[in-house]
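Novice: Turn this into a model:
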Amino acid sequence: MRWHRTSFTRLVVGVSAAATLAVGLPATAAADSAGALPADWVAYDIAPAGATVQTTVGTSDGQSGCVFSFSGSLAPGQTAERADEIGYSPSTCQSQIAYTSGASAAPEAAQPSNADTAGSGSVASTDTDTAPPPATSAAVRHSAGYMKSWYRDPVHLTVNSVQNSTNWHWNGGCVVAPVSGAHTYTWFSGSGWSLQANNWQNNYSCAQSTSSSYAHFHNGIFCLTIDTDTYYNRNNVHGKANGVLTGNVKARKSGGCTGLLSFHWSLKRTLN
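Specialist: Next up, the predicted model:
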């Protein structure tokens, strides 16, 4: 069963956090009588089996929103790391994150069939500073991977996402040509989301290759008359000279009904 976006937000706006949990979200981490969790704590999902759960404290953006920073790293031979927000407090900017890795890192959900996609592309990267040296007699290896971040609504639809990928060669001392990067943005226009602003940067040096994006998505009907915005500032992936793939993102959800949006990210090697 699919919730109609407008009718769902009309149902939950103006009620307590406890009521919100009752109508739309599993109450697996509702605030207890002892006050162990903030009164406005919202639970999204139960942590997957084998996950490591950590509480991250973000910062307020001064506009009823919170900013969180996340990062991950995969050495050659490692496959994937994923993080899923399973609980959130808007008032304290606390986020409970379930981390999984390797075979336990579930794949991302398929994009909605009517999701818009724009700003995607792939180009050969060029270095704006000092170009890396050409490949030497040291053995050159080839790796690739991506950092994907996204927000989901209460019925687990991906409402917007940013993915950055890098494809690089390395010899243990330097990143060497050829190197390329790519980026993809998606948003679910069927529920009112649109892409407001974005930019992409792609470059490499001896130390690393980098694909980096800024993206701002907006929705004017998700929370009735209160605007809702999500920001990725920035979503980065790096291919290191020693073959390590790293990713990081600074994510922000701001405005109305942010408790209805859970944040997720996945770092994956697609070629070791």
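Novice: What does Ala103 show for phi and psi?
Specialist: Here is the backbone geometry of Ala103 (degrees, to the nearest 10): phi -60, psi -20.
Novice: Check Ser189 too.
Specialist: For Ser189, the backbone dihedrals (degrees, to the nearest 10) come out as phi -70, psi -20.
Novice: could you check the distance from it over to Gln163?
Specialist: Remark: distance between Ser189 and Gln163 (Cβ to Cβ, to the nearest Å) = 18 Å. No exception for glycine: its C-beta is placed from N, CA and C like everyone else's.
Novice: Looking at these two now, which is surrounded by more residues?
Specialist: Gln163 (22 against 16; other Cβ atoms under 10 Å).
Novice: Skip the chain neighbours and tell me the closest residue to that one.
Specialist: Excluding the flanking residues, the one nearest Gln163 by Cβ to Cβ, 6 or more residues apart in numbering is Lys148, at 4.1 Å.
Novice: Can you list the buried residues in the helix or strand containing the one you found?
Specialist: Using DSSP states H and E, Lys148 sits in strand 141-152. Going by neighbour count (16 or more other Cβ atoms under 10 Å), the buried part of strand 141-152 is Arg141, Ser143, Ala144, Gly145, Tyr146, Met147, Lys148, Ser149, Trp150, Tyr151, Arg152.
Novice: Tell me where the model's unsure across the chain.
Specialist: Across the chain, the ranges flagged by pLDDT under 70 are 1-35, 109-115, 118-137.
Novice: Could you list which residues are in contact with the closest residue to Leu261 other than its chain neighbours?
Specialist: Sequence neighbours aside, Tyr151 is the residue nearest to Leu261 in space, at 4.8 Å (criterion: Cβ to Cβ, 6+ apart). Shown in contact with Tyr151 (Cβ atoms under 8 Å, 6 or more residues apart in numbering): Thr158, Val159, Asn160, Ser161, Thr230, Lys253, Leu261, Ser262, Phe263, His264.
Novice: Flag every buried residue along the helix or strand hosting the fifth one.
Specialist: This points to Thr230. Using DSSP H and E, Thr230 falls within strand 226-240. Neighbour-count burial for strand 226-240, counted by 16+ other Cβ under 10 Å, picks out 226, 228-232, 234-240.
Novice: Looking at the residues you listed, which one is closest to Ser209?
Specialist: The shortest gap between Ser209 and any of these belongs to Gly239, at 4.2 Å (Cβ to Cβ).
Novice: From Ala51, how far off is Tyr99?
Specialist: Taking Cβ to Cβ, one finds Tyr99 at 6 Å from Ala51.
Novice: likewise Tyr151?
Specialist: The gap separating Tyr151 from Ala51 is 19 Å, by Cβ to Cβ.
Novice: The residue lying closest to Gly239 once chain neighbours are set aside: neighbour count?
Specialist: Nearest residue to Gly239, sequence neighbours excluded (Cβ to Cβ, 6+ apart): Trp168, at 3.7 Å. Other residues near Trp168 number 30, with proximity taken as other Cβ under 10 Å.
Novice: ranges for the strands of the stretch 1-150 of the chain?
Specialist: For the stretch 1-150 of the chain, the strands defined by DSSP state E, counting those that start in this stretch cover 42-43, 52-57, 59-60, 66-74, 80-89, 94-101, 116-124, 141-152.
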